[in-house]
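Chemist: My questions concern the predicted model and sequence given below.
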Amino acid sequence: MSEKIPISLSVNGQTHQAFVRAEDTLLQVLREEFWLTGTKRGCNQGVCGACTVMVDGKIVRGCLTLAANCGGREIGTIEGLETDGALSPVQQAFLDSGAAQCGFCTPGMIMAATALATANEPLSDNQIREGLSGNLCRCSGYIKIIDAVRAVRGGSVPRGSSVPSGGGGA
Amino acid sequence: MTGSVSPVGQDIPRLEAREKITGRAQYSDDISLPGMLHGAVQQSPYAHAKIISCDVSAALALPGVVAVFTGDDIGYHYIGPFVKDETAIAKGKVRYIGEPVAAVAAVDQPTARRAVALIDIEYEELPAVLSIDEAIADGAPLVHDNFAELVRVFEADHGPNVMSIMQVEDGEIESAWADCDVIVEGEFETQAQCHAYLEPCSAIADIDANGKVTVWSGNQSVFHLQANIAQSLDMPMSKVRCVTPRVGGAFGGKMEQTIQPIVVALTRKAKRPVKLTLSREQDFEMIRSRHPAQVWMKTGAAKDGTLIARQVRILLDSGAYADDSPGVNGICALFCRGPYHIENVSVDARAVYTNKLRAGAFRGFGGPQVAIAGETQIDEIAGKLGLDPIEIRLKNAVRADEEWLGGLKLSQSAMSECLIRVRDDCDWDRRRANAGEENADGKKRSIGIACLPHISGLLTSGAIIRILEDGTAVLNTGAVDNGQGSDTVLVQMCAASLGLEIDQISLATPDTDSSPYNWGTTASRVTYMTGRAVVKAANSAIDQMKQRAAMMMECAAEDLEMRPGGYIGIKGVPDAQVSYRDISGFSHWVAGGPVIGSDSFAYDGENFDPKRGFIKGFPFGKIGAWVFAAQAVEIEIDEATGKITPLEVWSAHDIGKAINPSSVAGQVEGGVVQGIGYALYEEMVWDTGRLANPSLMDYKIPGTLESPPKINTILIEEPDETGPFGAKGIGEPPIVGIAPAIANALAHASGIRLRRLPMAPESVLRALREKTDVG
């Protein structure tokens, strides 16, 4: 078993110490050392985006990032987005748009969307789709996810999801 | 508390939405228990081999290893929903590359992985059958040489490597061809699709001092799972408790056991909690796929477009274990006629064993494999007769009160309305007429349509509603929500039935120790089947509360009515009422006993009429609560590269009543995009028995850039009188018509007809070249 390396890193504003193996990924350490299980392992190959987290304000794949390289870095995860119990604008938009189905891709998707939403200019639908193209969802068809991001940072363009007919109250 | 607006029909946000968007939702792999061990699995390197011996000594000698599990630890205790042919782990033989043969529990994952590689298994390789054609060839090696001794829970013919044969004979097929003015015939082939749920299979188990095991895992039925674990490990079901945390998608892939029997076996040996989570690669190789199919179909019609006859032969590549194959085979055989009235239908459908990963349930339940054939031939007939594709479908669409399919009478059908709405909403005539014109980039637009039938009523469900002491309620159904939103929909129906608010209903998590039986979250059945049980359980609770209220108010129970907001009152006397809280207090402490409303039932629709149709080998009892749909897809074709890009989709569904329209739209949008993956590029590829693309890198599922920017969900709400609040199912239909609609659009604009899925750019290009060569 390889020797463990001491690291100190900040996760959601709190400093954490850990002893990690050289091969441990940030995803493993977040989930197994710090019990921050909101970040998901979908493929462990950097394809699905379920492990998307922030490192120094930039989104990275938790499964492709070695924890030992994160010493001194600021890590942001899904668990850190709320402020005093209030949802972040992106989280609120995901709630309002019904963008979470099984929810497994949702934390990574919200982290990617949060990075996108820091843009100053309104984003076109194509820009939103480009920005989320590294995050896979198998449930939603992406329509309500795009709707959610558009609600936060989009122009006034029509929704991709049509309002179903007969959708009124009984 | 207003209680005046019924929660049914409202876009209530998912009950668990907040936990999912804050990272608090707990999936199986998120759970850890004190003293927990980690599991690892060794997989078969052979497609077909005898296991000669299994030496676990080196693994056990590795420090940190606590338990090892192989086929030597169990007897031949077979499981399977239709054919009992599978053991908890390979025993005696391996039948596909990737099949689990040995497992280890150790103190950490690296140790478990090292140890499992030390298990030395000696094999004697056997000739394998890697395709349908090889499997049904004369003298082919048998995947299950003891098939005759295996328990089958239904009656059907079978043959060498053929586990079940389903036959349908309606009318007189042989004489019917003479009445046809136009006949089309063709062979179609569909591929294996991977469920590719984002959450790889994971299970964690613990054991108590009496040997009772509790298992937390993603699944579609805690009850199937409990039975499968107990049977495969020769345990009483009372010693197995299955619980469901959040499930990260399933789509049929988690309908039967995944790795739970292995985890339970390790837990029993270790006497400590064990968790096993598959890698994505293992999940691809080890769980299940959609059945690849070969379909031969012949359809005939009269000059005016009336469909007269259809004959179909279906072969399903079921892989090494039967799993849900006989069910899928049966549904293929019923659905291949499409949602049309056809007097003469003859079908022979066979589920075939091969030495590959087992195929099983997958959204659509056999529908997608036959829809590409059936809907292609409707367009081909329309083309030969000069009819519009929607016009010919409207002419033949099944209607309410009509007898079809073995004499089953349809209580309700909005098939025609679905077609009409799609035609109007997509401006069909204009888009169809403009199709094929090249734009500035040299690309062509086109639009195509397809229709489909589906069901939402089959098998059994239950519900229990307890009224708590403060007048709120607990709903327990045992139905697992895999992410589609059934938890919310069932609570909406419960709240509406009881006249309570959504947040006054607590929903119990599916648990085999406490939940009423539910066959499964599958076959688009939870809203319809479990919903019916919820409504009846609520009515039972209300009846009981009326009896208690009658005692309290000294009147007759028949004079009482339920009032929104949680009251029982005397009819016609607005001031005379007691609250659920007071009734429940009275029930708990004075008389009558706590109010517990419950219901359980088996699907109770009509049976096939044996005088009308001959149906042999169908492995279910009654099925019904039919749903219909029409789907149009507009595509752009780049004839230089062969690439097809879906631009916009119109998907109209005969849903009865949308309990939660936003969730219904979510089901439609997600199903449509899975259908696009199936139509255009998803394919599991085997190279001499080994899955060549077991990763999300090499097996592409649609991302944001591959998905259409606009999906129009059109809901036709004609209540089904048997459904809860008139509702029927929606889970599966949206995937089914997408591939044929795209194929029909392609044929319309480019003049090529693809009969094999996926319609990848190279297939499109090849067909375009062949057309040019011929022309």
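Modeler: Looks like it arrived, so ask away. Not measured: the values here are computed from a predicted model. Residues are numbered from 1 along each chain as shown, chains lettered A, B, ... in the order given.
Chemist: On the pLDDT front, check the residue of chain A found nearest chain B for me.
Modeler: Taking CB to the nearest CB as the measure, chain A has residue A:38 as its residue closest to chain B, at 2.1 Å. Any C-beta I mention is one placed from the backbone N, CA and C, and that applies to glycine too. Per-residue pLDDT puts residue A:38 at 98.
Chemist: Show the contacting residues for it.
Modeler: A:77, A:78, A:79, A:107, B:22, B:23, B:24, B:25 (CB atoms under 8 Å, 6 or more residues apart in numbering or on different chains).
Chemist: got the phi/psi numbers for it?
Modeler: phi -60, psi -30 (degrees, to the nearest 10).
Chemist: do the same with residue B:533
Modeler: Residue B:533 has phi and psi values of phi -70, psi -40 when expressed as degrees, to the nearest 10.
Chemist: Can you tell me the closest non-neighbouring residue to it?
Modeler: Nearest non-adjacent residue to residue B:533, counting by CB to CB, 6 or more residues apart in numbering or on different chains: residue B:463, 3.9 Å away.
Chemist: What strand or helix carries the one you found?
Modeler: Element membership for residue B:463 (DSSP states H and E) is strand B:460-467.
Chemist: That strand pairs with which strands?
Modeler: Sheet pairing here is set by DSSP bridges, and for strand B:460-467 it gives strand B:473-476 (antiparallel), strand B:596-602 (antiparallel).
Chemist: and of those strands, who's closest to residue B:407?
Modeler: For residue B:407, the closest of these is strand B:596-602, at 20.4 Å, according to CB to CB.
Chemist: Downstream of the closest one, the next helix or strand is which one?
Modeler: Sequence-wise, the next helix or strand beyond strand B:596-602 is strand B:613-616, with elements assigned using DSSP H and E.
Chemist: and among the strands paired with strand B:460-467, the most buried is which?
Modeler: Ranked by average neighbour count under the criterion mean count of other CB atoms under 10 Å in any protein chain shown, these are headed by strand B:473-476 at a mean of 22.
Chemist: Contacts for it next, please.
Modeler: B:463-468, B:490-491, B:494, B:498, B:500, B:504-508, B:514-516, B:534, B:541.
Chemist: Stretch B:258-265 close to chain A?
Modeler: No - in terms of CB under 8 Å from any CB of the partner chain, no part of stretch B:258-265 sits within range of chain A; the closest distance is 15.4 Å.
Chemist: returning to what we had before: adding distance to residue A:122, write the strands paired with strand B:460-467 out as a markdown table.
Modeler: Shown next, in a markdown table, are the strands paired with strand B:460-467 (distance: least, CB to CB, whole Å):
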| stretch | distance to residue A:122 |
| --- | --- |
| strand B:473-476 | 43 |
| strand B:596-602 | 52 |
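Chemist: got TSV for the ones you listed, with mean pLDDT too?
Modeler: Formatted as TSV, the entries for these read as follows, by pLDDT from 0 to 100:
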stretch	mean pLDDT
strand B:473-476	98
strand B:596-602	98
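Chemist: could you pull out the helices for chain A?
Modeler: Secondary structure of chain A (DSSP state H): helices located at A:26-28, A:89-97, A:106-116, A:125-131, A:143-153.
Chemist: Just tell me which of the ones you listed ends up closest to residue B:312.
Modeler: Closest of these to residue B:312 is helix A:143-153, at 34.7 Å (criterion: CB to CB).
Chemist: Please name every helix or strand in contact with the closest one.
Modeler: When contacts are defined as 3 or more CB pairs under 8 Å, 6 or more residues apart in numbering or on different chains; DSSP states H and E, helix A:143-153 sits against helix A:89-97, helix A:106-116, helix A:125-131, helix B:661-680.
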